[in-house]
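1. Sequence and predicted structure, then a few things I'm wondering about:
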Amino acid sequence: MDLGLTEIQKMLQESSRNFLEENCTMDFIRAMESDDIWDYDEIWKNMSEMGLGLVL
């Protein structure tokens, strides 16, 4: 039994990782945390444009 990721899962993993590295940097997360601002509309919009919103 193969428990490894399929090629599609690997592509999803890579595109998700790239998206988060570009859009959710540690500076961004710290700013959101310290300002108590939890407005993720732009991130959700960008994720949905990539089709990632369907996965979540």
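-> The structure has been received and is ready for your questions. Residues are numbered from 1 along each chain as shown.
2. Specify which residues of this protein, grouped into ranges, have pLDDT under the cut-off.
-> Scanning the chain for pLDDT under 70 picks out 36-37, 53-56.
3. From the centroid of it, which residue is nearest?
-> In the chain, the residue lying closest to the centroid (CA atoms, centre = their mean) is Leu20, at 4.3 Å.
4. name the element that one belongs to?
-> For Leu20, the element it lies in under DSSP states H and E is helix 7-23.
5. picking that back up, can you tell me how far the residue nearest to the centre of the chain is from Asp35?
-> 20 Å (CB to CB, to the nearest Å). C-betas here are computed from N, CA, C, even on glycine.
6. same deal with Lys45?
-> Here Lys45 is placed at a distance of 20 Å from Asp35 (CB to CB).
7. Please apply the same query to Leu3.
-> Taking CB to CB, one finds Leu3 at 41 Å from Asp35.
8. who's more crowded, those two?
-> For the pair Leu3 and Asp35, the greater number of neighbours falls to Asp35 (9 against 4), based on other CB atoms under 10 Å.
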